[in-house]
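Asks: take this sequence and fold it.
(one chain, ligands or ions: 2)
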Amino acid sequence: MTENIVWHHHNVTHEDRCKQKNQKPCVLWFTGLSGSGKSTVANAVESLLLENGNHSYLLDGDNVRHGLNKDLSFSEEDRVENIRRIGEVTKLFTDAGLIVLSAFISPFKQDRQQVRDLHGSGDFIEVFVDTPLEVCEQRDPKGLYKKARAGDIKNFTGLDSPYEAPEAPEIHLKTDEYSIDELAQQVLQHLGANGFIS
Ligand SMILES: Nc1ncnc2c1ncn2[C@@H]1O[C@H](COP(=O)(O)OS(=O)(=O)O)[C@@H](OP(=O)(O)O)[C@H]1O
Ligand SMILES: Nc1ncnc2c1ncn2[C@@H]1O[C@H](COP(=O)(O)OP(=O)(O)O)[C@@H](O)[C@H]1O
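Replies: Residues are numbered from 1 along each chain as shown. Ligands and ions are numbered 1, 2, ... in the order given. Next up is the predicted model:
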């Protein structure tokens, strides 16, 4: 497919863009069940990054599925393609020098591993938003569990579609033990301790 396509080298380099922004780009890859708190915590982290003078961008499953990925369903095949595309987008954004936050269920280990491999060099940070299914279902912020239990939504993650939890995430957030602010601070602390932000 890439036959006859030649890679262009640009005058302004990745290093130039990082230096200009005074940060080391990375992807904070939030993964977890629907209602686990991915969007909520990612939003709180992004606000802290803004306050700290960092340059970031938050990619959110619901929003991206309204645009770039609006042709994709929730079949296994389409979820794989969803994450593949988002992986490529995060690669472009980190190349641009940004700290990228992505909030997708991303239920399959293999797909998350592929995004990790795409980034290489330690800038992929898996953030497991660990919330028991019962708690997610109780929160049910969009009423989707109720609809799924009633049979109105098929292939719902955690019910009739699988979620493969990370085994060794860089950051493990327990949302039933800590507040949103505390969880956001845990993420910022990891970024600081690992030299991504100052
Ligand atoms: N069948 C089914 N299963 C899971 N989720 C569903 C489904 N149908 C719609 N939704 C809504 O879509 C959001 C998940 O989209 P993602 O792109 O993150 O999913 S995936 O990574 O491709 O699995 C998810 O958003 P979050 O609740 O923010 O996770 C739901 O609002
Ligand atoms: N400690 C917590 N961390 C994250 N979310 C929490 C917490 N406690 C309660 N919530 C609530 O849980 C819901 C999580 O929804 P959301 O962030 O949309 O999840 P997701 O993006 O994973 O679907 C929100 O209504 C949020 O206010």
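Asks: and stretch 100-113, average pLDDT?
Replies: For stretch 100-113, mean pLDDT is 98.
Asks: now do stretch 37-46
Replies: The predicted model assigns stretch 37-46 a mean pLDDT of 98.
Asks: now do stretch 78-95
Replies: If you average the pLDDT over stretch 78-95, you get 98.
Asks: give me the buried positions along that stretch.
Replies: R79, V80, E81, N82, I83, I86, G87, V89, T90, K91, F93, T94 (16 or more other Cβ atoms under 10 Å). For glycine as for every other residue, the C-beta is placed from the backbone atoms N, C-alpha and C.
Asks: closest to L159 out of the residues you listed?
Replies: R79 (14.6 Å; Cβ to Cβ).
Asks: the closest one sits in which helix or strand?
Replies: Element membership for R79 (DSSP states H and E) is helix 76-95.
Asks: helices or strands up against that helix?
Replies: Where contact means 3 or more Cβ pairs under 8 Å, 6 or more residues apart in numbering; DSSP states H and E, helix 76-95 is packed against strand 26-31, strand 56-60, helix 61-64, strand 99-103, helix 109-119.
Asks: so which of these is the most surrounded?
Replies: strand 26-31 (a mean of 28; mean count of other Cβ atoms under 10 Å).
Asks: that one - what's its average pLDDT?
Replies: For strand 26-31, mean pLDDT is 98.
Asks: so is that strand next to ligand 2?
Replies: No: using Cβ under 6 Å from any ligand atom, strand 26-31 never reaches ligand 2; the gap is at least 7.5 Å.
Asks: give the next helix or strand downstream of that strand.
Replies: Per DSSP H and E, the first helix or strand lying C-terminal to strand 26-31 is helix 38-51.
Asks: show me what contacts the residue in the chain that ligand 1 sits nearest to?
Replies: Residue nearest to ligand 1 within the chain (Cβ to the nearest ligand atom): G61, separated by 2.6 Å. Listed by Cβ atoms under 8 Å, 6 or more residues apart in numbering, the contact set of G61 reads K38, N82, A103, F104, I105.
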